[in-house]
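Enquirer: How does the following fold in three dimensions:
(one chain, ligands or ions: 1)
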Amino acid sequence: MSADLVIVANRLPVDRVTGPDGQVGWRRSPGGLVSAIEPVMRAGSGVWIGWPGGASDEAPALSTEPFEVDGMRLAPVGLTRAEITEFYEGFSNGTLWPIYHDLVAKPEFHREWWDSYVAVNNRFAERAAELAAEGATVWVHDYQLQLVPQLLRALRPDLRIGFYLHIPFPPPELFQQLPWRRQLLEGLLGADLVGFQLPGGAANFVRLVRQRVGHKTHRDLVYLPDGRTVRAEPFPISIDAAGFEALATDAGVVARSLEIRRALGEPRRIFLGIDRLDYTKGIYARLRAFAELVEEGHIDVEDAVFVQVAVPSREQVEQYRLLRDDIDRLVGRINGDLGRIGRPAISYLHASYPREEMAALYRAADVMVVTPYRDGMNLVAKEYVACRVGEDGALVLSEFAGAADELRQAWLVNPYDINGMKAALLEAYNADGKELGRRMRAMRRTIRQHDVKAWADSFLSVLGEVSNPHDKSVRPARRS
Ligand code: G6P
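Expert: Okay, here's the model as predicted:
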């Protein structure tokens, strides 16, 4: 089998789950990357290479042959238990994730983790080299696989290789801490095009390449000694806006949103947070801000409730476990202090839901609260806007989410400033229909014009224009 478009991402869009009867089933994977790439894959005929979750040395042996789920061709790459600890939980999520998110948590540096990162990146590169057709386009995604472009180019110089980073790319002051900074930059330079969420990420990358690798650069271009040029450009990611809008008007979803409001006791206002349970998301501070508003009498629990959905994530990583305990304790304390019978201040759900349930929640919520300390984009903010077909509802959004660059009409907040967040929550809570409509209409226009299809098309078309000598596509001119 060979494909003209190969997507390479650490995770497949589905996770393998084994039921009590030993039967293997598939469950949708969490996170923004999967939400964004899935519609791109459905529209085309590529193959997606990724990890199906679980350890390959424990689970019943998984064939590595590509297979189909929901109309997508998927090619699994297995990880052993040790690789899950060292490559995935370790280097990807214990070293890179905090460095790339402003050091919201303290990164750890371990040489064995790096070795495992190199080994797993090699495996992904080899798999892509096997599955890509002659002259194919390979699109590599995210921080777990930054060495793949270089490794793959060495194996298959005929390919057109793009790389996209879904999370922020840090300023040089932070990136320089990495003992393997040069290798990571060289890994990325194997691509023809390196895409980032925001212009700042692309600029950080080009500056680092100049300073640390010593290549010549000009604006968004890097000139390599072998004659290749690498482009670094921003491509802000988006969502399937029309798909979410259709979901939000689906009769079942509408009925479910009314049921949610009823189940919550028909409060006048519902505040909503939906996040992976991650320390970058600012869940703790946001719940405290809400609780203080209740405590001070600005908000009454008979009148409003905060629904917080925390999607389980990276549960074996120490910092994520501690965060879960902190949030559990905080919610317990707030509800114990401020709730009344049948009226908790916070309705807390530690669970992952299908798209239909998310759309029903977005429809039911009056104030969506998205307050990460640092976030590449944050697609939840965009999904909320897409689902507000009545052109109402308020979005309170962190300045430090990539989405804030486009959704200027949200109530923008600094998530480190609790008083500022309280003021914004209160304003959003009290805003009148005219104000809400004005803001929401403008944000909906933005999301419609720039959906995930536009994002993928623009990345792939810029990648298609890069004129590097891809062995087979450039032949010496014939003499006449
Ligand atoms: C973010 C990252 C993705 C990642 C997702 C879920 O969206 O950018 O690369 O897949 O989180 O995290 P997980 O560790 O469960 O794959």
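Enquirer: what sits against Leu272?
Expert: Phe306, Val307, Gln308, Val309, Leu361, Tyr362, Ala364, Ala365, Val367, Met368, Val369, Tyr384 (CB atoms under 8 Å, 6 or more residues apart in numbering). Yep, even glycine has a C-beta here, placed from its N, CA and C like the rest.
Enquirer: Which phi and psi values does the residue nearest to it when sequence neighbours are not counted adopt?
Expert: Among residues not flanking Leu272 along the chain, Ala365 sits closest, at 3.5 Å (CB to CB, 6 or more residues apart in numbering). Main-chain torsions, Ala365, degrees, to the nearest 10: phi -90, psi 140.
Enquirer: And the residue of the protein closest to the ligand?
Expert: Nearest residue of the chain to the ligand (CB to the nearest ligand atom) works out as Gly31 at 2.5 Å.
Enquirer: I'd like to know how far the nearest residue to that residue once chain neighbours are set aside sits from Gly252.
Expert: Spatial nearest neighbour of Gly31, excluding adjacent residues (CB to CB, 6+ apart): Arg276 at 6.4 Å. Taking CB to CB, to the nearest Å as the criterion, Arg276 is separated from Gly252 by 26 Å.
Enquirer: The two: who's more crowded?
Expert: More crowded of Arg276 and Gly252, by other CB atoms under 10 Å: Arg276, with 19 against 11.
Enquirer: can you tell me the helix or strand for Pro20?
Expert: For Pro20, there is no host helix or strand (DSSP states H and E).
Enquirer: For it, the count of nearby residues, please.
Expert: Neighbours around Pro20, by other CB under 10 Å: 5.
Enquirer: contacting residues around the residue nearest to Gly31?
Expert: So Arg276 contacts Pro30, Gly31, Ala310, Val311, Ser313 (CB under 8 Å, 6+ apart).
Enquirer: Just these: which are in strands?
Expert: Those of the contacts of Arg276 mapping onto strands are Ala310, Val311, per DSSP state E.
Enquirer: now the contacts of Arg276 as a markdown table including neighbour count, pLDDT and distance to Asn414?
Expert: Below are these laid out as a markdown table (neighbours: other CB atoms under 10 Å; pLDDT from 0 to 100; distance: CB to CB, whole Å):
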| residue | neighbour count | pLDDT | distance to Asn414 |
| --- | --- | --- | --- |
| Pro30 | 17 | 78 | 27 |
| Gly31 | 18 | 80 | 25 |
| Ala310 | 23 | 98 | 22 |
| Val311 | 18 | 97 | 25 |
| Ser313 | 18 | 97 | 24 |
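Enquirer: Identify the spatial nearest neighbour of Asp115, chain neighbours not counted.
Expert: In space, and not counting its chain neighbours, Asp115 is closest to Glu86: 7.6 Å by CB to CB, 6+ apart.
Enquirer: Next: Thr95.
Expert: Pro107 (5.1 Å).
Enquirer: Let me know the secondary structure of that neighbour.
Expert: Recorded secondary structure, Pro107: coil (DSSP: H, G, I helix; E, B strand; the rest coil).
Enquirer: got a list of what it touches?
Expert: Pro107 is in contact with Gly94, Thr95, Leu96, Trp97, Pro98, Ile99, Gln177, counting by CB under 8 Å, 6+ apart.
Enquirer: Just the buried residues of these.
Expert: Listed as buried from the contacts of Pro107 are Gly94, Thr95, Leu96, Trp97, Pro98, Ile99; burial here means 16 or more other CB atoms under 10 Å.
Enquirer: if I pick the fourth one, what's in contact with it?
Expert: Contacts for Trp97 (CB under 8 Å, 6+ apart) come out as Pro107, Tyr143, Ile167, Thr280.
Enquirer: Most neighbours among those residues, which one is it?
Expert: Ranking those using other CB under 10 Å puts Thr280 first, with 24 neighbours.
Enquirer: Please name the nearest non-neighbouring residue to that residue.
Expert: In space, and not counting its chain neighbours, Thr280 is closest to His101: 4.7 Å by CB to CB, 6+ apart.
Enquirer: Mind pulling up the pLDDT for that neighbour?
Expert: You'll see His101 listed with a pLDDT of 98.
Enquirer: The chain should start at 65 in everything you say after this.
Expert: Okay, residue one is now 65; in that scheme the one you just asked about reads as His165.
Enquirer: burial of it, as a residue count?
Expert: A count of nearby residues for His165, using other CB under 10 Å, gives 23.
Enquirer: Equivalent analysis for Ala218, please.
Expert: Residues near Ala218, counting by other CB under 10 Å: 11.
Enquirer: Can you tell me the SS state at it?
Expert: Assigned with three-state DSSP, Ala218 falls in the helix class.
Enquirer: Identify the residue spatially nearest to it, adjacent ones excluded.
Expert: Nearest to Ala218 is Gly254, by CB to CB, 6+ apart, at 7.7 Å.
Enquirer: Does the one you found belong to a helix, a strand or coil?
Expert: Here Gly254 is coil, with the state taken from three-state DSSP.
Enquirer: Report the contact partners of it.
Expert: Residues near Gly254 by CB under 8 Å, 6+ apart: Val212, Pro213, Gln214, Leu215, Leu216, Arg217, Ala218, Ile225.
Enquirer: hang on, the earlier thing: show me which of the contacts of Trp161 is closest to Gly329.
Expert: Thr344 (32.1 Å; CB to CB).
Enquirer: so what pLDDT did the closest one get?
Expert: At Thr344, pLDDT is 98.
Enquirer: same deal with Val81?
Expert: For Val81, the model assigns a pLDDT of 85.
Enquirer: So the residue of the chain closest to the ligand sits against Pro77, correct?
Expert: No: using CB atoms under 8 Å, Gly95 is not in contact with Pro77, being 9.9 Å away.
Enquirer: I'd like the distance between Asn74 and Tyr228.
Expert: 13 Å.
Enquirer: For the residue nearest to Gly95, name its beta-bridge partners.
Expert: Assessed by DSSP bridges, Arg340 has beta-bridge partners Val375.
Enquirer: Now do the host helix or strand of Ile324: which elements does it pack against?
Expert: Counting by DSSP H and E, the element that carries Ile324 is helix 315-327. In terms of contacts (3 or more CB pairs under 8 Å, 6 or more residues apart in numbering; DSSP states H and E), helix 315-327 is packed against helix 419-428.
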